[in-house]
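Trainee: here is a sequence together with a model predicted from it:
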Amino acid sequence: MSKKIKPNFIIIGAMKAATTSLYTYLKQHPDIFMTHVKEPMFFNNLNKDRNYVLKGVKSKKITSFDAYQNLFKDVKNEIAIGEASPSYIYDKDCPQLIKDYSPNTKIIAILRQPAERAYSNYLHVKRSGRETINNFEDAFNSEDMRIKKNWSPLYYYKSKGYYFQQLNRYYKLFPKENIKVILFRDLINDATNITKEVFEFLNIDSSFTPNTSNKANI
């Protein structure tokens, strides 16, 4: 590439809070570029080799700046350039890494009622064959033990709901006008108006109406 193209907005999560739906809606806008890899998970894997316990097949990680920047090689004349990685909201290192890489990045977070989010997370992991515990309550109560044994944050059903702690790390580094917080229930119940708000947040044409009939992976 002749020049390095970086994202100017990132959907940071939360997991199981309709980030895939929002990604799908935003991708339709002619002024928005979204990476073809929906969840690059670059910043939470950068400079890390934690060897987490993770059942099932491990996905290939994007761990180099060249590989990450290559995700944006097809950007043409789009104004808003983004990606969506729900793991960024939980990882304590991501806010500073994102700030260092692209200081003016806009941050979008979607928050879901924590208990509902946790149960949806559990069902997602169970369906994918990665959860070995057949009872949600037992899996939920196993979190502290799993953290001590270095299990992946994929299994942190409880602590991933501590939104104040997670968002506070972003508010300490980014101006509040660069952070957009959306409630899951609002996106599900009124996707057209919520996406309009996001378009306004990204300073692009907010009169565009995407097809929001599909609710993906929630």
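Mentor: Thanks, I have it. Residues are numbered from 1 along each chain as shown.
Trainee: for this structure, which helix is longest?
Mentor: In the chain, with assignment by DSSP state H, the single longest helix is helix 114-127.
Trainee: what is it packed up against?
Mentor: Judged by 3 or more CB pairs under 8 Å, 6 or more residues apart in numbering; DSSP states H and E, helix 114-127 is in contact with helix 136-141. (Each C-beta comes from the backbone N, C-alpha and C, glycine too.)
Trainee: quick one: mean pLDDT over the helix it packs on.
Mentor: For helix 136-141, the mean per-residue pLDDT is 98.
Trainee: what residues of the helix or strand that comes right after that helix count as buried?
Mentor: Downstream of helix 136-141, the first helix or strand assigned by DSSP states H and E is helix 143-148. Residues 143, 146 are the ones in helix 143-148 that count as buried (16 or more other CB atoms under 10 Å).
Trainee: after helix 143-148, which helix or strand is next?
Mentor: Using DSSP H and E, the helix or strand that follows helix 143-148 in sequence is helix 163-171.
Trainee: mind giving me the packing neighbours of that next one?
Mentor: Contact analysis of helix 163-171 by 3+ CB pairs under 8 Å, 6+ apart lists strand 106-111, strand 179-183 as its packing neighbours.
Trainee: now with 6 Å, please.
Mentor: In this structure, helix 163-171 makes packing contacts with no helix or strand, judged by 3 or more CB pairs under 6 Å, 6 or more residues apart in numbering; DSSP states H and E.
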